[in-house]
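*Asks:* quick one, what's the 3D model for this:
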Amino acid sequence: MCYNIVMEYYVYVYLREDETPYYVGMGTGNRAYRPHKRTYSFVPIPEKENIKFLFENLTHEEACDKEIELIKLHGRKIDGGILINISTGGDAGAKGFKHTEETK
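*Replies:* Coordinates of the predicted model:
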């Protein structure tokens with residue numbers, strides 16, 4: 001038997017105390033509340049009031065596009081921006097994103 005599972009995605013940001021974003025993510029379920037551990041970085045989970053859901057009820061493709069757009073808008077710290085995101089978004093990390101020697 002084959003099941004057609006439809007997941008509704010969302011895009012969220014983690015906010016600093018001054019309400020500027022420090023991380024942009026996308027996910028389903030409780031992803032926004034789970035730890036984001038990577039080999040070379042750790043994304044601290046803020047208090048619930050500092051997690052903002054910007055877009056909801058999206059397809060996977062729409063969520064990827066919005067995440068990429070927001071990361072580009074605010075910029076990654078490694079590129080001179082304000083976000084601690086490692087990847088440029090849109091599942092880049094899930095597809096085996098490779099760190100440069102500089103980012104390591």
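*Asks:* helix, strand, or coil at Gly89?
*Replies:* When classified by DSSP: H, G, I helix; E, B strand; the rest coil, Gly89 comes out as coil.
*Asks:* for stretch 73-88, how far is the first residue from the last?
*Replies:* 11 Å (CA to CA, to the nearest Å).
*Asks:* buried set for it?
*Replies:* His74, Arg76, Leu83, Ile84, Asn85, Ile86, Ser87 (16 or more other CB atoms under 10 Å). Just so you know, the C-beta spots here come from the backbone N, C-alpha and C atoms, and that holds for glycine as well.
*Asks:* Lys52 is in contact with Leu15, correct?
*Replies:* Yes - using CB atoms under 8 Å, Leu15 is in contact with Lys52, at 6.2 Å.
*Asks:* of those two, who's got more company?
*Replies:* Leu15 (17 against 14; other CB atoms under 10 Å).
*Asks:* tell me how far the residue found closest to that one once you drop the neighbours it is linked to in the chain lies from Glu8.
*Replies:* Excluding the flanking residues, the one nearest Leu15 by CB to CB, 6 or more residues apart in numbering is Asn50, at 4.4 Å. Using CB to CB, to the nearest Å, Asn50 is found at 23 Å from Glu8.
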